[in-house]
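> 3D model of this:
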Amino acid sequence: MESVASRADFRYGGRVSVPSSWINGHPVATSGEMHRVINPATGSAIADLALATPADVDASVSAARAAGPAWASSTPADRSAVLARLATVMAANADTLVAEEVAQTGKPVRLATEFDVPGSIDNVEFFAGAARHLEGKATAEYSADHTSSIRREAAGVVATITPWNYPLQMAVWKVLPALAAGCTVVIKPSELTPLTTLTLARLAAEAGLPDGVLNVVTGRGDDVGSALVGHPDVDLVTFTGSTAVGRKVMAAAAVHGHRTQLELGGKAPFVVFDDADLDAAIQGAVAGAIINSGQDCTAATRAIVARDVYDDFVAGVGEVMNKVVVGDPLDPNTDIGPLISAAHRARVSSIVDRAPAQGGRIVTGASSPDLPGSFYRPTLIADVAETSEAYRDEIFGPVLTVRSFTDDDDGLRQANDTAYGLAASAWTRDVYRAQRASREIKSGCVWINDHIPIISEMPHGGFGASGFGKDMSDYSLEEYLTVKHVMSDITGVSDKDWHRIIFAKR
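Below you'll find the predicted structure:
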């Protein structure tokens, strides 16, 4: 399957027809309803495809099940070699991945070129190395009559559903640790943004990944997604998306007792103490709030600022937001692209529009520029009430809310006053304050004097309404492995000592 980007100039309205699925090592033209992939920066279609059906899910799971034994029994070195080749092939096709990612999501080309694509390649390289470090506990005698050892084995067939905000990165975060562990995968990307996931499967085949080890089915969540997570031949389900949908996924997976790993929503606190470097905090707040047009579950959304520096912080953030360049994602000077769709922009706008009635003060933004596509200006809402919708609910747009706090206890209390627990940051020059914040803020990641940076060697995941389990790092491998205890008799005696508890007469 030729890449979409190589057959269409997206800047000038290029549009192609593509197979929606990749099953058992080949592109598959499915028979579902026709669907258009829309460039949210222009509103124009860039690809047409027929969506997958539940029958395609059956075929992909069967392919993954058939390919499982050989892939799981391959040596870590063999799996590592394939994944290392995949990283090389991806690097050679980086321009294609960037073009497809920008076209289907509308994210600025700088973000795709300097973050999404190189970050994904780095993650592949990391798991190529991690594949060779799958260790179990050494053989030892914990019983006088037996030797015990631990085997860590592939969990089996993995069903994964990924979101539209970081299509390539989320696919890599889910697929690569599974492959490194020896699992086979069926992935359902969002029908809004399937292009780079399909290209990833094609490049994996070029790198030598055996047929059936990685399968892609593009379809809607209510039929294809439900069929996948509830499939009886799946062993493990992983999902990244909203908390509401994640709960439905977990319920569907529970019918067959599938293991689950969920990375869900967030409402990250951004705590600024009175001794913070205020300029750094202001820059960090805007960058953390508008990255990927705010469509990021770890985005800075709740600035909680010490009263003594509150007014200066609000003024500074407003000033920086007003300088943010909103526009054509292909222009390297653009800072922020569109939201994923007109429908999503309407949702974001409606929450912002209701904020003043709930006590919020619009400082800047809260409007759409006169551009084609689903753009929305960076927005700052000050003086929000703790009970307000904008402060409590995940907006998933370039919107930052601000409240003040009186003392450290109050600031940390407000940081934890949320159902979510994915990411947070604390801004202070005081090492003791920093340590306290990192200890007391209930979040899977706490950044100190920064917000957003991630790295392949460290885990990503939260708790509470943000889900459970980890992506990235060695910790994520545990999601895709099962622990097996092997216990061997070392006495050679047929009449075991413990038999006395069974037999009355010896």
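> In the stretch 301-450 of the chain, what residue spans correspond to strands?
Ranges of strands within the stretch 301-450 of the chain are 361-364, 379-382, 399-405, 423-427, 445-448, based on DSSP state E, counting those that start in this stretch.
> winner for burial among these?
Across those, averaging neighbours per residue (mean count of other CB atoms under 10 Å) puts strand 423-427 on top, at a mean of 29. Just so you know, the C-beta spots here come from the backbone N, C-alpha and C atoms, and that holds for glycine as well.
> For it, which outside residues touch it?
The contact list for strand 423-427, computed with CB atoms under 8 Å, 6 or more residues apart in numbering, reads 266, 268-273, 276-277, 280-281, 284, 288, 297-298, 300, 415, 433-434, 437-438, 441, 443-451, 462.
> Can you flag which of those belong to helices?
280, 281, 284, 288, 415, 433, 434, 437, 438 (DSSP state H).
> Please tabulate those residues in a markdown table, including the columns neighbour count, distance to residue 350 and pLDDT.
A markdown table is the format used below for the ones in helices among the contacts of strand 423-427 (neighbours: other CB atoms under 10 Å; distance: CB to CB, whole Å; pLDDT from 0 to 100):
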| residue | neighbour count | distance to residue 350 | pLDDT |
| --- | --- | --- | --- |
| 280 | 14 | 33 | 98 |
| 281 | 26 | 29 | 98 |
| 284 | 23 | 28 | 98 |
| 288 | 25 | 23 | 98 |
| 415 | 24 | 27 | 98 |
| 433 | 21 | 37 | 98 |
| 434 | 17 | 37 | 98 |
| 437 | 25 | 33 | 98 |
| 438 | 15 | 36 | 97 |
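> dump the residue contacts of residue 32.
20, 50, 51, 52, 53, 56, 219, 224.
> Shouldn't it be within a helix?
No: per DSSP: H, G, I helix; E, B strand; the rest coil, residue 32 lies outside any helix segment and is coil.
> Now do stretch 244-254, average pLDDT.
In this model, stretch 244-254 has an average pLDDT of 94.
> let me fix that: stretch 39-47
96.
> Same check on stretch 258-271?
96.
> how is the protein carved up into domains?
16-264+472-485, 269-448 (the TED database).
> Determine which of those domains approaches residue 505 most closely.
domain 16-264+472-485 (21.5 Å; CB to CB).
> thinking again about what came up before, got TSV for the domains of the chain, with distance to residue 498 too?
Output for these, formatted as TSV (distance: least, CB to CB, whole Å):
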stretch	distance to residue 498
domain 16-264+472-485	8
domain 269-448	44
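> Identify whichever of the ones you listed lies nearest to residue 497.
Comparing the domains of the chain against residue 497 with CB to CB, the closest turns out to be domain 16-264+472-485 (7.0 Å).
> For that closest one, measure first residue to last.
Using CA to CA, to the nearest Å, one end of domain 16-264+472-485 lies 52 Å from the other.
> what do you get for stretch 216-228?
Start and end residues of stretch 216-228 are separated by 11 Å (CA to CA).
> Not counting that stretch itself, show me its contacts.
The contact list for stretch 216-228 (CB under 8 Å, 6+ apart) reads 20-23, 30, 32, 35, 49, 51-54, 56-58, 60-61, 159, 161, 186-189, 191, 194, 197-198, 201, 234, 245, 249, 252.
> Generate a PyMOL selection restricted to the buried subset of those residues.
In PyMOL, a selection of the buried entries from the contacts of stretch 216-228 looks like this (16 or more other CB atoms under 10 Å):
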select buried, resi 20+21+22+23+30+32+35+49+51+52+53+54+56+57+60+61+159+161+186+187+188+189+191+194+197+198+201+234+245+249+252
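> Which ones among the contacts of stretch 216-228 lie within strands?
Counted as lying in strands by DSSP state E, out of those, are 21, 22, 23, 35, 49, 159, 161, 186, 187, 188.
> which one among these gets closest to residue 393?
Closest approach between the ones in strands among the contacts of stretch 216-228 and residue 393, by CB to CB: residue 161, at 22.2 Å.
> okay, the strands of the stretch 301-450 of the chain in JSON lines with distance to residue 155 and mean pLDDT next?
Output for the strands of the stretch 301-450 of the chain, formatted as JSON lines (distance: least, CB to CB, whole Å; pLDDT from 0 to 100):
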{"stretch": "strand 361-364", "distance to residue 155": "48", "mean pLDDT": "98"}
{"stretch": "strand 379-382", "distance to residue 155": "42", "mean pLDDT": "98"}
{"stretch": "strand 399-405", "distance to residue 155": "38", "mean pLDDT": "98"}
{"stretch": "strand 423-427", "distance to residue 155": "27", "mean pLDDT": "98"}
{"stretch": "strand 445-448", "distance to residue 155": "25", "mean pLDDT": "98"}
